[in-house]
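Colleague: Build me a model:
(chains A and B)
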Amino acid sequence: MIEIHNIHKAFGDKKVLDGVSGVFETGKTNLLLGASGTGKSVLLKCIVGLIKPDLGSVTFDGTYFTNNKLDIRQEIRRKIGMLFQSSALFDSMTVEKNVEFPLKMLTDMNKEERMERVNFCLKRVGLEGSNKKMPAELSGGMKKRVGIARAIAPHCTYLFCDEPNSGLDPQTALKIDELIKEITEEYNITTIIVTHDMNSVIEIGDKIFFLHEGKKLWEGTRDEIMDSNIKELNEFIFANRLMRDAKKVEEEEREEEEERQHNGQLSASQGKEKAPSEETVETQDEPQPENPEGPAATTQTGKDKV
Amino acid sequence: MLQSLGKYLLFMSTLFIRKESGRILFNRTIDEAILIGINSIIIVAIVSTFIGAVTCVQVAYNLDNAFIPRSTIGFMVREMTILELAPTITSIVLAGKVGSSIAGGLGTMQITEQVDALEVMGINSASYLVLPKVVAAILVFPMLVILAMFLSILGGYVAGTLSGEVTAQEYITGIRDQFIPYNITFALIKSVVFAFLISSISSFRGYYTTGGALEVGAASTAAVTNSVIAILIGDFVLAYLLL
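Modeller: As a prediction, this is how the structure comes out:
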C-alpha cells in the first residue's frame, strides 16, 4: 500500500500539484486520471522519487520515503518497477539484456538463474523468442511488453506505469491494460497507472483518482465514475463524442426503464382498485414492442383486443 | 557562468557517492575504454601523421640559413610534437569525436527517460554512466597521445625524406638531439588533464539535456566548444605551472 499525503509541487510560479493525498491499495490497479498538464506524471515522479515534492510525504507500506535516509530510499526503490511512457528501454542492449539488467544490478543471482527469470518474464508478457532483438526492431506494443518484463523481473512490489498505452492502437492498448491488471492481481502488487484513456478506466480501473489543475477532485471505482456529479470529471469523461453518445443512450434507457416501472406501479395500483382483464395486465407489464406498421397497425391490434 | 560551474562541481561530486560495485564499474570502464580508445585510433593516426608531415615541411621551408644544420628539422618536429601538437591537437580532435559522442549519448538517454529508469531502479545514474567514461578517458588518452607522438614524428620523417628536405640520418640525429625525458611526462600529464576535462564536461552537458532531439544536438555542440575552450585554458595553465 502506498500513501501520499498533502503533496505540493511547483515549478517556478507554476503550481503543478496542490495538496494531493490518497491511498493506493495493494493488489489493485490504481489509476491517476486527468487531462494533459494536470500534474499526473509529476505526481507519479514525486511518488517514485524522481522529483522531490516541495511539501508532503509518501509512504510505502508504512515506511516513510520522502526525505528519508538515502539507503532506506534506495531499499524501497529496489522494490519499484516502472514502465515509462517511452518504454525507456536501453537501446544499446538486446531485449534479453534489458530484462536481465535489474537482476544483474540489484540481485545476487548467478547467470543461469538470471536467464531463467528473464525467459520466464518474457514468456509472461508474450515475448518468448524475442531475446536477441534490439529495441529498435520492436513495435510500440512490444516495447511496452519488454518494459513490463523489465519492471517485474526483480520481483517488484510496486509497479508504476506512465501512460502505458499511449501511442498504441486500441487493440494493443487493451492487451497491455489487461496484462498490467493480470500481473497486479497475480503477484498482489500495488500498481499505479497514469492515464487519460477512458478505455483503461473502464477496463482495469479498480480505484480511480481524478486530478484537475493539480488537485484531486474525485476518487472512486470505475462503477461509480459514470454517476459522478463533479463537473470537471464529467466534462473530461464525456469530452469524447462516443462516450457522450453512450451516456445519452444510457440515460434514455434509464428513463425508459423508469417509465416502464412507473407504468407498472400505476397499473398495479389500478388493479387493486378495479381487477382488470388478464390481457390488459399483460399488455401493461410487458415492454411494448416497436410497431413496424405504424399507428394503423396499433389501431388494428387494439381492435383485435376489443 | 558561475552557476554552471557550481552545477558542474556538484555533478562531479555525485559521481563518487553510492557507487556501484567495483566489478560492475570495472566492466563498464573496459567497455567505455574500447569505445573511446579503439574507435579513435584511426582518426588520431591520420591527424597526427599529417601534422608531423606538415610541421616537417613548414620548418624546412623556414630554415633557409646555411648555418643552421638540417637536423634542426627533426629536432623541431620532435619538440613541437611532444610538447604541444600530440597532446593538445589530439585532445581537440578527441573533444570533437569523443566529447560529442558522450554528450549525444547521455542526452538521448536523458530525453528518452533511460536515465530515469536507472534512478527508479535505485542506481546512481551519474555514477553508473559517467564515472566509467571519465576513468576510461583518463586511461586511454595517454595511450592515444603516445601513439600520436610516434606517428607524428614518423610522418615528419616520411615527409622530410620523400621531399628531399632532410636526409634520414639528419632527421634521426635531430630527433635525438638534446632530448629531455620530462617533456614526455609533461605531455602525459596534459593528456590526463585534457581527458578529464573532455569526458566530464561532455558528460555534464549531456546529462542535463532537457527537451528533444534539437536539444541533444545543442548539448553535443556545447560539449565540444566548452571542452575545446577548457583544453586551451588548461594548456596555458599547465605550461605556466609545469615548465
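Colleague: got the buried residues for the host helix or strand of B:Leu162?
Modeller: Per DSSP states H and E: B:Leu162 is located in helix B:125-163. The neighbour-count check on helix B:125-163 (16 or more other Cβ atoms under 10 Å in any protein chain shown) flags B:125-142, B:144-153, B:155-161 as buried. Where C-beta positions appear, they are placed from N, C-alpha and C, glycine not excepted.
Colleague: how far away is the residue nearest in space to the middle of chain B from chain A?
Modeller: Ranked by distance to the mean C-alpha position of chain B (Cα atoms, centre = their mean), the top residue is B:Ser91 at 2.6 Å. Remark: distance between B:Ser91 and chain A (Cβ to the nearest Cβ, to the nearest Å) = 26 Å.
Colleague: what does B:Gly107 give?
Modeller: 13 Å.
Colleague: just the strands in the stretch 51-200 of chain A please.
Modeller: A:55-60, A:63-64, A:80-83, A:158-162, A:190-195 (DSSP state E, counting those that start in this stretch).
Colleague: and the residue nearest to B:Met143 when sequence neighbours are not counted, what does it touch?
Modeller: Spatial nearest neighbour of B:Met143, chain neighbours left out: B:Gly37 (6.7 Å); criterion: Cβ to Cβ, 6 or more residues apart in numbering or on different chains. Residues in contact with B:Gly37 (Cβ atoms under 8 Å, 6 or more residues apart in numbering or on different chains) are B:Ala136, B:Val140, B:Met143, B:Leu144.
Colleague: Buried residues, the host helix or strand of B:Gly37. List them.
Modeller: Here B:Gly37 is covered by helix B:22-37, with elements defined by DSSP H and E. Using 16+ other Cβ under 10 Å as the test for burial, helix B:22-37 gives B:Leu25, B:Arg28, B:Thr29, B:Glu32, B:Ala33, B:Leu35, B:Ile36, B:Gly37.
Colleague: Hmm, A:Lys97 is touching A:Phe90, no?
Modeller: Yes - because the distance of 7.4 Å satisfies Cβ atoms under 8 Å, A:Lys97 is recorded as touching A:Phe90.
Colleague: Could you check how far B:Ile201 is from B:Ser100?
Modeller: B:Ile201 is 12 Å from B:Ser100, where distance means Cβ to Cβ, to the nearest Å.
Colleague: what residue ranges in the chain score low on pLDDT?
Modeller: In the absence of a named chain, chain A is used. Applying pLDDT under 70 to chain A flags the ranges A:240-247, A:268-306.
Colleague: try again with chain B
Modeller: B:18.
Colleague: Show me the helices in it, by range?
Modeller: With helices called from DSSP state H, chain B shows them at B:2-14, B:22-37, B:41-62, B:71-80, B:90-94, B:100-111, B:114-120, B:125-163, B:168-176, B:181-207, B:213-242.
Colleague: mind putting the ones you listed in TSV, distance to A:Gln85 included?
Modeller: As requested, the helices of chain B are exported to TSV (distance: least, Cβ to Cβ, whole Å):
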stretch	distance to A:Gln85
helix B:2-14	25
helix B:22-37	27
helix B:41-62	38
helix B:71-80	54
helix B:90-94	36
helix B:100-111	12
helix B:114-120	10
helix B:125-163	18
helix B:168-176	60
helix B:181-207	20
helix B:213-242	17
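Colleague: Indicate which one of the ones you listed is closest to A:Thr66.
Modeller: helix B:114-120 (15.0 Å; Cβ to Cβ).
Colleague: Write out the residues of chain B neighbouring chain A.
Modeller: B:18, B:20, B:24, B:108, B:112-114, B:116-117, B:119-123 (Cβ under 8 Å from any Cβ of the partner chain).
Colleague: Looking at those, which one is closest to A:Val118?
Modeller: Nearest to A:Val118 among these is B:Met121, at 15.5 Å by Cβ to Cβ.
Colleague: isn't the closest one right next to A:Pro102, touching?
Modeller: Yes - with contact defined as Cβ under 8 Å, B:Met121 and A:Pro102 form a contacting pair (5.4 Å).
Colleague: my guess is B:Val228 meets B:Ala95, correct?
Modeller: Yes - using Cβ under 8 Å, B:Val228 is in contact with B:Ala95, at 5.3 Å.
Colleague: And the two? Which one has more around it.
Modeller: Between B:Val228 and B:Ala95, B:Ala95 has the larger neighbour count (other Cβ atoms under 10 Å in any protein chain shown), namely 26 against 18.
Colleague: ok now do that one, which residues does it touch?
Modeller: If you count contacts by Cβ under 8 Å, 6+ apart, then B:Ala95 has B:Ile198, B:Ser202, B:Ala223, B:Val224, B:Ser227, B:Val228, B:Ile231 around it.
Colleague: Chain A: which of those residues is nearest?
Modeller: B:Ser202 (17.4 Å; Cβ to the nearest Cβ).
Colleague: In a strand, A:Phe210, correct?
Modeller: Yes - counting by DSSP: H, G, I helix; E, B strand; the rest coil, A:Phe210 falls inside a strand.
Colleague: what about it, how many neighbours?
Modeller: Residues lying near A:Phe210 (other Cβ under 10 Å) number 25.
Colleague: How about it, nearest residue that isn't a chain neighbour?
Modeller: Distances taken as Cβ to Cβ, 6+ apart put A:Trp218 closest to A:Phe210, at 4.2 Å, once the chain neighbours are dropped.
Colleague: quick one: contacts of the helix or strand containing that neighbour?
Modeller: Per DSSP H and E: A:Trp218 is located in strand A:215-220. Residues from elsewhere that reach strand A:215-220 (Cβ under 8 Å, 6+ apart): A:18-22, A:207-211, A:225, A:228, A:230, A:232-233.
Colleague: what about 6 Å?
Modeller: Strand A:215-220 is contacted from outside by A:Asp18, A:Val20, A:Phe209, A:Phe210, A:Ser228, A:Ile230, A:Glu232, A:Leu233, using Cβ atoms under 6 Å, 6 or more residues apart in numbering or on different chains.
Colleague: check contacts around the third one.
Modeller: For A:Phe209, the contact set (Cβ under 6 Å, 6+ apart) comprises A:Gly22, A:Leu32, A:Lys216, A:Glu219.
Colleague: Please convert those residues to a markdown table, extending it with neighbour count.
Modeller: As requested, the contacts of A:Phe209 are exported to a markdown table (neighbours: other Cβ atoms under 10 Å in any protein chain shown):
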| residue | neighbour count |
| --- | --- |
| A:Gly22 | 18 |
| A:Leu32 | 28 |
| A:Lys216 | 21 |
| A:Glu219 | 17 |
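Colleague: Report the two of those separated the most.
Modeller: Going by Cβ to Cβ, the pair spanning the contacts of A:Phe209 furthest: A:Leu32 and A:Glu219, at 10.1 Å.
Colleague: Next, work out how far apart the nearest residue to B:Tyr157 once chain neighbours are set aside and B:Arg70 are.
Modeller: Nearest non-adjacent residue to B:Tyr157, counting by Cβ to Cβ, 6+ apart: B:Tyr171, 5.3 Å away. Going from B:Tyr171 to B:Arg70 by Cβ to Cβ gives 8 Å.
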